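[1] Dropping the sequence and predicted coords here.
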Amino acid sequence: YTSRVFEALFAGCVPVILSDHVRLPFEELVHWKDFSIAWPMDQADLSLYDYLKSLLEHELPYVLQLQKRAAEVRCWFDYFAQEKEPKECSPYLAI
């Protein structure tokens, strides 16, 4: 993964993971499928754009749920977080 995942989280976006074999951080604490979209690398073409557009047009409640969940878990990725009690949600707890 790259810093783009973190940028997406802190921009209020739903991360789209374009990798088939990526090991994502804190997998034992956060369920990535609850707040991100995984997409196969061999299909990273116009079909991805069509899928994302279709989600916004036809599945907006699902997208908003992903976005809400992303906001809830981003404290696990913020080393300077002040949103929540550090003893409850902090990358330092995961290390």
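    Cool, the structure landed.
[2] only C-alpha atoms for contact and neighbour calcs from this point on.
    Noted.
[3] what does the helix or strand of the chain with the lowest mean pLDDT rub up against?
    When each helix and strand of the chain is scored by mean pLDDT, DSSP states H and E, helix 91-94 comes last, with a mean of 80. Residues outside helix 91-94 that contact it (Cα atoms under 8 Å, 6 or more residues apart in numbering): 26, 29, 75-79, 87.
[4] So for that helix, what gets flagged as buried?
    Neighbour-count burial for helix 91-94 flags P91 (criterion: 16 or more other Cα atoms under 10 Å).
[5] still on that earlier bit, please check the contacts of helix 91-94 and keep the buried ones.
    By neighbour count, with 16+ other Cα under 10 Å, these hold 75-78 as buried.
[6] ok, the residues you listed vs S19, which is closest?
    Nearest to S19 out of the buried ones among the contacts of helix 91-94 is F77 (Cα to Cα; 19.5 Å).
[7] The closest one reaches F6, doesn't it?
    Yes. Using Cα atoms under 8 Å as the test, F77 is close enough to F6 to be in contact (7.2 Å).
[8] on that earlier part again, can you tell me which of the buried ones among the contacts of helix 91-94 is nearest D20?
    Nearest member of the buried ones among the contacts of helix 91-94 to D20, counting by Cα to Cα, is F77, at 21.6 Å.
[9] Pull the contacting residues for that closest one.
    Counting by Cα under 8 Å, 6+ apart, F77 touches 6, 90-91.
[10] S90 too?
    Neighbour list for S90: 75-79, 81 [criterion: Cα under 8 Å, 6+ apart].
[11] ranges for the helices of the protein?
    Taking DSSP state H, the helices of the chain run over residues 3-10, 46-58, 60-73, 91-94.
[12] most packed of the ones you listed?
    helix 60-73 (a mean of 17; mean count of other Cα atoms under 10 Å).
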